[in-house]
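Chemist: sequence and predicted structure below; questions after.
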Amino acid sequence: MAYSPDGQHLASAGDGGTLRVWDLRSRTLTGHTGPVISVAYSPDGQHLASAGQDGTVRVWDLATEESRTLTGNTETVEAVAYRSDGQHLAGASAGGMLRVWDLVTGQSRTLTGYIEPAGAVVSSPDGQHTANIVGDGTLQVQDLHTGRLRTLTGYTEMGECQVNG
C-alpha cells in the first residue's frame, strides 16, 4: 500500500489483478492480468506506478485513470519506487536486477549486482541512490549514476526498508 504525497488517497494492491485508489469516491484501476505486487505514488501525486505478477509495470495517470505499460523488463518486478524528480521509476526484479525507467523518454537501463531478489526498493530523497533489503537481511544501496553497489550487513532476518524525507 502507499499513501499519496498529499495524504488524500491510499493505493492498495490485490491478488485479483486490480489496483485500488481509495478516496471519497473510491476508484478501481484495472489493467494487470494477475496479482499486483507493488505500488508507488509519484512525488506530485498525479501518477501511480504498479508492478504485477503478470510481468508488467504500469504508470497510471490518476486524472484520466489510463495507464501505460513500461517496457524492457524480462523478469517479474517485485517492487517499484519513484525518484524524487518524479521523472524516473526504479523497479527491482525477482532475479536480482534493478531497472530504471526515464518516464519522459520511455527508455530504461539495467543495473545488476543484487545478490538476491529485492523485498522492497526505495529511492533516496536526493534521487541518487536506491536501497533494498533482501531475504538474508542484507541491505543493498546502489548509486544510480555509477551503478556501484554497496552491501551492508547486520540484519538477522527479512525486514522492511523505509526512507523518509
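Modeler: That came through fine.
Chemist: show me the contacts for residue 13.
Modeler: 1, 19, 20, 35, 36, 37, 38, 39, 50 (Cβ atoms under 8 Å, 6 or more residues apart in numbering). To be clear about C-beta, it is placed using only N, CA and C from the backbone, and glycine gets the same treatment.
Chemist: cool, residue 106 as well?
Modeler: 70, 71.
Chemist: mind redoing it with 10 Å?
Modeler: Listed by Cβ atoms under 10 Å, 6 or more residues apart in numbering, the contact partners of residue 106 are 68, 70, 71, 72.
Chemist: repeat for residue 40
Modeler: Going by Cβ under 10 Å, 6+ apart, residue 40 touches 2, 11, 47-51, 59, 79-82, 89-91, 121-123.
Chemist: pLDDT of the helix or strand that contains it, averaged?
Modeler: Assigned by DSSP states H and E, residue 40 falls within strand 36-41. For strand 36-41, the mean pLDDT works out to 89.
Chemist: sheet partners, orientation included, of that strand?
Modeler: Strand 36-41 has the following sheet partners, assigned by DSSP bridges: strand 47-52 (antiparallel).
Chemist: buried sites along stretch 45-52?
Modeler: For stretch 45-52, a neighbour-count test (16 or more other Cβ atoms under 10 Å) marks 45, 47, 48, 49, 50, 51, 52 as buried.
Chemist: wait, the last one touches residue 29, no?
Modeler: What that stands for is residue 52. No - applying Cβ atoms under 10 Å as the test, residue 52 and residue 29 come out as separate, 11.3 Å apart.
Chemist: what's the overlap in contacts for the two?
Modeler: By Cβ under 10 Å, 6+ apart, the residues touching both residue 52 and residue 29 are 18, 19, 36, 58.
Chemist: for residue 100, give me its contacts.
Modeler: 81, 83, 88-91, 107-111, 123, 130, 142, 144.
Chemist: confidence-wise, which of those residues comes last?
Modeler: Out of the contacts of residue 100, that is residue 111, at 72.
Chemist: and residue 57, what's its pLDDT?
Modeler: Residue 57 is given a pLDDT of 93.
Chemist: ok, what's across the strand from residue 151?
Modeler: Going by DSSP bridges, residue 151 forms beta bridges with residue 140.
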